[in-house]
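*Asks:* Coordinates for the following, if possible.
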Amino acid sequence: MPYPKESPIYPIFVANCCVVEANPQVYVETPLHPEKLTVWCALWAGGIIGPYFFKNDEGHSVTVNGDRYRAMITNFFIPELNNHDVQELWFQQDGATCHTACATIDLLKDTFGDRLISRFGPVNCPPRSCDLTPLDYFLWDYVKSLVYADKPQTLDHLEDNIRRVIADIRPQMLEKVIENWTSILDYIRASRGSHMPEIIFKM
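*Replies:* Alright, predicted model coming up:
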């Protein structure tokens, strides 16, 4: 696998929330699709950049397209990254269309050069490997287990919970997550990409 030894940054997860009425006996007409939040985070051993919520000018949640993703990278992520003492950091993302559009790859290459792990990037992301990233096997499940604990009834409540839970994640926990991730990669190299029944994810 072409993963570098350095710790990459990992972007993105999505959180959905159905708005539930207080009285389950009252008939409530619901929309065809549940209301949702679209949330982006970057994770590295030293911390988390985000959350960033994709919203329109009216403050309503929107899906991610290429223009919105590039605007987030330009206006939020890169300025936040510049506030951290990180150099020679690798950036990895999944193969979503908005991530791999030519304009997006060019933008990320301007920032990370050859330290970009992505479909159509300098280092191609290995296929079917999204479950190996700390965002997938750690952050999403961890955050989800906590943000729904008090059964948020509105998107604003859900958003507040997401912000609070992510803000409470300490660098010591992230260091352990990255250490676990690198040991998983060592196992994969040794087993030449076979199944990993013995792997236990630790925090």
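
*Asks:* Next, the buried residues of the host helix or strand of residue 79.
*Replies:* Assigned by DSSP states H and E, residue 79 belongs to helix 78-82. Neighbour-count burial for helix 78-82 flags residue 81 (criterion: 16 or more other CB atoms under 10 Å). The C-beta positions use only the backbone N, C-alpha and C, and glycine is treated the same way.

*Asks:* just the strands in the protein please.
*Replies:* For the chain, the strands defined by DSSP state E cover 8-9, 15-16, 36-37, 39-44, 47-53, 90-92, 116-117.

*Asks:* Need the winner for burial among those strands.
*Replies:* Sort the strands of the chain by mean neighbour count, taking mean count of other CB atoms under 10 Å, and strand 8-9 sits at the top with a mean of 24.

*Asks:* quick revisit: of the strands of the chain, which is nearest residue 66?
*Replies:* Ranking the strands of the chain by proximity to residue 66 (CB to CB) places strand 39-44 first, at 13.9 Å.

*Asks:* And the average pLDDT for that closest one is what?
*Replies:* In this model, strand 39-44 has a mean pLDDT of 86.

*Asks:* now it and strand 47-53, what's the angle there?
*Replies:* In terms of direction (axes from the mean of the first three to the mean of the last three CA atoms, to 10 degrees), strand 39-44 departs from strand 47-53 by 170 degrees.

*Asks:* In PDB, list the C-alpha atoms belonging to strand 39-44.
*Replies:* The C-alpha coordinates for strand 39-44 follow below in PDB (Å, rounded to 0.1, in the frame of the first residue of the first chain):
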ATOM      1  CA  VAL A  39     -20.400  18.000   8.600                       C
ATOM      2  CA  TRP A  40     -16.700  18.100   7.700                       C
ATOM      3  CA  CYS A  41     -13.700  17.500  10.000                       C
ATOM      4  CA  ALA A  42     -10.000  16.900   9.500                       C
ATOM      5  CA  LEU A  43      -8.300  14.700  12.000                       C
ATOM      6  CA  TRP A  44      -4.600  14.400  12.700                       C
END
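
*Asks:* so where is this protein shaky, pLDDT-wise?
*Replies:* Scanning the chain for pLDDT under 70 picks out 1-34, 126-132, 193-203.

*Asks:* any chance of the strands of the chain in TSV, with distance to residue 143 too?
*Replies:* Compiled in TSV, the strands of the chain are given as follows (distance: least, CB to CB, whole Å):
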stretch	distance to residue 143
strand 8-9	17
strand 15-16	8
strand 36-37	12
strand 39-44	9
strand 47-53	9
strand 90-92	19
strand 116-117	23
